[in-house]
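Undergrad: what would the 3D arrangement of this be:
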Amino acid sequence: MPDTLAVVEGVLSLALLALLIRLSQVQAVWAPRLAAALVMAVCLWGFHWIFTSLHTHGQMAWPIAAAATGVLALYVALYGFAAIALIRRFAWGPWRVAAAVALLEWARGFVFTGFPWMNWGLQQVDTPLGGFAPWLGGYGVVFATALCAAFLAQATRLRAMAKPLSCAAAVVVVGALAGLPSFTEPTGRPLRVAMAQGAIGQSQKFDPVEISLNEQVHLAMAARATEPQYGTQLLVLPETALVNPWQDLDESTRATLQRIARESGAVILTGIPSREGERWWNSVVGLSPTESEIVFRYDKHHLVPFGEFIPWGFQWFLDLMRMPLGSFEVGAARQLPLAVGDQRVGLNICFEDLFGEEIIRSLAPSVPEIERPTILLNVSNLAWFGMSNALPQHLAASRMRVLETGRPMIRATNTGITAHIAASGKVTTALAPGRRAVLLEDVQGHTGTTPFIALGNAPIVVLALALLLSPWWKSLALGWLGRRPQRNA
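TA: Sure, this is the predicted structure:
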């Protein structure tokens, strides 16, 4: 069954979007200003956790941290301001309103390397509108959400409410029907996975005094999770569970991990930085029961601005903080999955699961079947943001990727939310944020191709552009027909 709170949040998100669209259409000076204020308030609420990372953990002076948080919120809000201005200027109907909102959200996903966090579709993973995800992806869900909201925005007069409400209901029904087909199917035997949530505070994580203690915490969790009675085949430690590169770790730490893998027969994955000379990567490395050295490595491809690389001209901003940040190298766009048992595990690190078009690269029909993941795995460290709403927001992004691909996802996070998401998109088990524990789960891999895997974002982008340009095409066609030579009688 859908999560009741998530459904309520989805409905409230839809209602808010309907209100914003209605305010954009009202011919009063105050209406667009109120709409803009609401957009800004939502962005400040949605991204307030940036202040925690800058001030609490980065020790940036609070006025500068507050200003930087406000700038990020303003940047995201600009896309909403643009939608308000366009809707007001052109007095579009519901279909073009939905097209404009979807295109602007899509643009937010790639401009300046992309920041699609908290888009209008993510709140719909538990509502019928989420049924559009395997067909048109997350931005297709944005389009359907905006279309439904635009119809609701028209239902302002009692005598004329029936038609717009019926149209909104039709969008919901179509979404529910779209979610019924299953494009993927189970493959192989389930994989027994243990996901460790170390709950190491960000202030402790990189403290030289604490690093050795943190390693011991994860080693102890690894030993318990791989005891014979659990039958663990894959153990996953979260992003940067080990903060020193493999070659720089204490010999006893490396030996203990190798011994655990050898004695338990489990493959061990751990988040760790990789170093080759002066070059660094944010990586996940794997240890095999039969090998003495690393047998697998995944390097993060989509890096976070200011967190993992420094945009040109912004070194001064990083100098205002005390964070162990630097410039990582970019990993390959498509990397091979890890074969464990009957399954193939495809990795992504933290922020990467915000980008559905990148997740499907390894699942494309052009990729050999043996190289396509049957299970998705996200490792994250959101301790930067405390016990804030960043944690459930990130979980919602993971669930959208599951709906898009028809693949289950497992999440091993430092502070939360460590979870198993079934191929249906439902969270079957999860650890409470901030709790130190190991989540054990049998994960059933899936194979197959959804329409979104096959076509990506192209259909929704083409549809949205066609809707926005339809008046121009109509005028062009009429003009061409008007200039056609007349036949002689």
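Undergrad: can you list contacts of stretch 330-340?
TA: 191, 233-234, 267, 269, 281, 283, 286, 296, 298-301, 303, 344-347, 358, 361-362, 367, 371-374 (C-beta atoms under 8 Å, 6 or more residues apart in numbering). C-beta here means a position set from N, CA and C on the backbone, and glycine is covered the same way.
Undergrad: would you mind writing the CA trace of it as PDB?
TA: In PDB, the C-alpha atoms belonging to stretch 330-340 read as follows (Å, rounded to 0.1, in the frame of the first residue of the first chain):
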ATOM      1  CA  VAL A 330      35.100  12.600 -13.300                       C
ATOM      2  CA  GLY A 331      34.400   8.900 -13.600                       C
ATOM      3  CA  ALA A 332      33.300   7.200 -16.900                       C
ATOM      4  CA  ALA A 333      29.800   7.900 -18.000                       C
ATOM      5  CA  ARG A 334      29.000   4.200 -18.100                       C
ATOM      6  CA  GLN A 335      30.700   1.700 -15.900                       C
ATOM      7  CA  LEU A 336      30.300  -2.100 -15.600                       C
ATOM      8  CA  PRO A 337      28.000  -3.500 -12.800                       C
ATOM      9  CA  LEU A 338      29.300  -5.800 -10.100                       C
ATOM     10  CA  ALA A 339      28.300  -9.500 -10.600                       C
ATOM     11  CA  VAL A 340      27.300 -11.100  -7.300                       C
END
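Undergrad: beyond the top helix by length along the chain, next helix or strand please.
TA: For the chain, the helix reaching the highest residue count under DSSP state H is reported as helix 62-90. Using DSSP states H and E, the helix or strand that follows helix 62-90 towards the C-terminus is helix 94-108.
Undergrad: re the thing from before, which other helices and strands does the longest helix of the chain contact?
TA: Applying 3 or more C-beta pairs under 8 Å, 6 or more residues apart in numbering; DSSP states H and E, one finds that helix 62-90 contacts helix 4-25, helix 30-46, helix 49-51, helix 94-108.
Undergrad: buried only: go through the contacts of stretch 330-340 for me.
TA: Among the contacts of stretch 330-340, the ones that count as buried by 16 or more other C-beta atoms under 10 Å are 191, 233-234, 267, 269, 281, 283, 286, 296, 298-301, 303, 344-347, 358, 361-362, 367, 372-374.
Undergrad: so where's the stretch 51-200 of the chain uncertain?
TA: The model of the stretch 51-200 of the chain has no residue with pLDDT under 70.
Undergrad: and P471, how many neighbours?
TA: 12 (other C-beta atoms under 10 Å).
Undergrad: can you count the residues close to R157?
TA: When neighbours are defined as other C-beta under 10 Å, R157 has 8 of them.
Undergrad: find the centremost residue of this protein, please.
TA: The centre of the chain sits closest to L354, judged by C-alpha atoms, centre = their mean, with a distance of 2.6 Å.
Undergrad: where does that residue land on pLDDT?
TA: On pLDDT, L354 comes in at 95.
Undergrad: looks like it contacts P116 (just checking).
TA: Yes: using C-beta atoms under 8 Å, L354 is in contact with P116, at 5.1 Å.
Undergrad: that's a strand at G286, yeah?
TA: Yes: under DSSP: H, G, I helix; E, B strand; the rest coil, G286 sits within a strand.
Undergrad: beta partners of it?
TA: Bridge pairing for G286 (DSSP bridges) gives the partners L269, F296.
Undergrad: tell me the pLDDT of it.
TA: Looking at G286, its pLDDT stands at 96.
Undergrad: that one reaches R297, doesn't it?
TA: Yes: between G286 and R297 there is a contact under C-beta under 8 Å: 7.2 Å.
Undergrad: quick check: neighbours shared by L354 and P116?
TA: The contact lists of L354 and P116 share G109, where a contact means C-beta under 8 Å, 6+ apart.
Undergrad: for the helix or strand where Y298 lies, packing partners?
TA: If you go by DSSP H and E, Y298 is part of strand 294-299. In this structure, strand 294-299 packs against strand 267-276, strand 279-287, with contacts taken as 3+ C-beta pairs under 8 Å, 6+ apart.
Undergrad: how does it look with 6 Å?
TA: strand 279-287 (3 or more C-beta pairs under 6 Å, 6 or more residues apart in numbering; DSSP states H and E).
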